[in-house]
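**Q** Build the 3D model from these lines:
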Amino acid sequence: MTAPPTAQPARPTADRPSPAGPLAHPLARRWLLASCVPVLLVLGMALTVPPAPSAATAGTPGTADMAGMPGMDHPASDAPDLAAAGLAAERNGYRLDLADPGPTAGRATDLRFTVTGPDGAPVTDFAVHQTKRLHFYAIRSDLTGFQHLHPDLAGDGTWTAALSALAPGTWRLYADFVPNTGPHAAELVLSRTVTVPGEAAPVPLPAPGDTATVDGYTVTLTARPAAGAHRLTAVLSRDGRPVGDLQPYLDAYAHLSAFHEGDLALAHLHPTGTVDGDRGGPELTFQALFPEPGNWRVFLQFQTSGQLHTVALTLRVD
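**A** Numbers count the residues shown, from 1 in each chain. Predicted coordinates for the structure are as follows:
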């Protein structure tokens with residue numbers, strides 16, 4: 001039986017189009033292929049590029065544990081948020097108002113102030129935060145004269161902070177608190193500046209260093225942090241021997257605050273670990289968030305034998 005002849009494809013000519021239509025023309029086919037390549041590349045990139053890290057996983061380990069801390073609203077790579085760094089008098093509807101014109105140089109002052117809520121009325125209900133309802137700080141523009149106080153609250157919402165005598169110059173006053181609005185209320189830091197009259201004599205900032213001594217106790221920082229969220233560790237010793245008799249202070253074995261040279265941004269470093277009697281030390285760990293690089297003046301407070309000690313050192317943050 002003879003096989004049928006093989007069919008030959010029709011060859012289109014210039015005056016006779018192909019039965020398959022215009023796209024069968026070689027130029028048309030090449031044009032269609034070229035126009036599809038960019039689309040295929042874009043689709044391929046969308047399918048292969050990994051998703052961006054979430055806020056809970058971006059940055060260094062431990063960042064997720066610091067949710068709710070002042071300054072965690074924006075990544076450290078962005079421009080510093082003045083309100084988040086404690087450099088604004090108002091945030092989230094809460095405002096810090098000073099009832100007095102300001103302290104007088106060389107004399108202790110009972111400074112009165114209020115925190116106004118979103119409804120415009122003074123706030124009278126504050127959550128207990130590190131054993132206190134409000135933490136009050138004062139620091140001069142050259143990062144000297146540090147004071148950390150716990151004011152008294154009157155029934156009408158007026159706080160009174162017993163400030164020790166302030167030297168002449170510009171001071172920033174901070175109120176650190178948590179409104180008692182529910183279990184997920186955020187910690188807020190508000191501040192205002194006051195000028196203490198008189199001739200100011202600025203003090204140069206000490207050079208950065210990892211070690212400082214106060215009252216015979218030596219504090220050594222074992223990590224050199226970068227801007228962003230990190231864990232910072234301090235080791236305490238006395239006469240070359242590790243210290244192991246720290247007493248609880250503000251529901252922890254130490255309290256650490258830091259202020260940025262220049263703009264006075266506040267980094268409030270929260271301690272980790274549990275408290276077990278008068279057996280704290282020698283190693284203390286903190287959750288640290290430095291919103292920007294530069295020199296920071298760090299104040300570490302701890303207690304032994306009923307006495308509060310405050311050691312200061314300059315820390316360089318890269």
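**Q** only C-alpha atoms for contact and neighbour calcs from this point on.
**A** Noted.
**Q** isn't Thr211 right up against Ala223?
**A** No - at 11.4 Å, Thr211 does not count as touching Ala223 under the criterion of C-alpha atoms under 8 Å.
**Q** What residues are bridge-paired with the residue nearest to Leu153 when sequence neighbours are not counted?
**A** Leaving aside its chain neighbours, Leu153 sits nearest to Trp159 (4.5 Å; criterion: C-alpha to C-alpha, 6 or more residues apart in numbering). According to DSSP bridges, the partner residues bridging Trp159 are Phe113, Leu153.
**Q** cool, and His148?
**A** Beta bridges link His148 to Tyr137, judged by DSSP bridges.
**Q** And the pLDDT at it?
**A** You'll see His148 listed with a pLDDT of 98.
**Q** go on, Thr222?
**A** On pLDDT, Thr222 comes in at 83.
**Q** ok, now which ones touch it?
**A** 210, 232-235 (C-alpha atoms under 8 Å, 6 or more residues apart in numbering).
**Q** what residue ranges in the stretch 101-250 of the chain are flagged as low confidence?
**A** Across the stretch 101-250 of the chain, nothing is flagged by pLDDT under 70.
**Q** For Glu187, see how far away Ala127 is.
**A** Going from Ala127 to Glu187 by C-alpha to C-alpha, to the nearest Å gives 10 Å.
**Q** who touches both of those two?
**A** With C-alpha under 8 Å, 6+ apart as the test, Ala127 and Glu187 both reach 177-179.
**Q** Please enumerate the strands of the stretch 101-250 of the chain.
**A** 109-116, 135-140, 147-149, 152-153, 158-163, 169-177, 188-196, 211-214, 217-221, 228-238, 241-242 (DSSP state E, counting those that start in this stretch).
**Q** Quick check: which of the ones you listed is nearest to Gly273?
**A** Gly273 lies closest, by C-alpha to C-alpha, to one member of the strands of the stretch 101-250 of the chain: strand 228-238, at 11.9 Å.
**Q** Run the chain-centre distance for that closest one.
**A** On the basis of C-alpha atoms, centre = their mean, to the nearest Å, strand 228-238 sits 16 Å off its chain's mean C-alpha point.
**Q** in it, what counts as buried?
**A** Under the neighbour-count criterion of 16 or more other C-alpha atoms under 10 Å, strand 228-238 has 228-238 buried.
**Q** which secondary structure elements does that strand contact?
**A** strand 217-221, strand 283-290 (3 or more C-alpha pairs under 8 Å, 6 or more residues apart in numbering; DSSP states H and E).
**Q** With Pro168 as the reference, name the closest of those strands.
**A** Comparing the helices and strands packed on strand 228-238 by C-alpha to C-alpha, strand 283-290 comes nearest, at 28.4 Å.
**Q** partners of that closest one, with directions?
**A** strand 228-238 (antiparallel), strand 266-271 (antiparallel).
**Q** what's the angle from it to strand 217-221?
**A** 50 degrees (axes from the mean of the first three to the mean of the last three C-alpha atoms, to 10 degrees).
**Q** I'd like to know how many residues surround Ala105.
**A** 17 (other C-alpha atoms under 10 Å).
**Q** contacting residues around it?
**A** Per C-alpha under 8 Å, 6+ apart, neighbours of Ala105: 165-168, 196-198.
**Q** Using a markdown table, please lay out the residues you listed together with distance to Thr314 and neighbour count.
**A** What follows is the contacts of Ala105, written out as a markdown table (distance: C-alpha to C-alpha, whole Å; neighbours: other C-alpha atoms under 10 Å):
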| residue | distance to Thr314 | neighbour count |
| --- | --- | --- |
| Ala165 | 24 | 14 |
| Leu166 | 21 | 23 |
| Ala167 | 21 | 22 |
| Pro168 | 23 | 19 |
| Val196 | 25 | 20 |
| Pro197 | 27 | 16 |
| Gly198 | 27 | 12 |
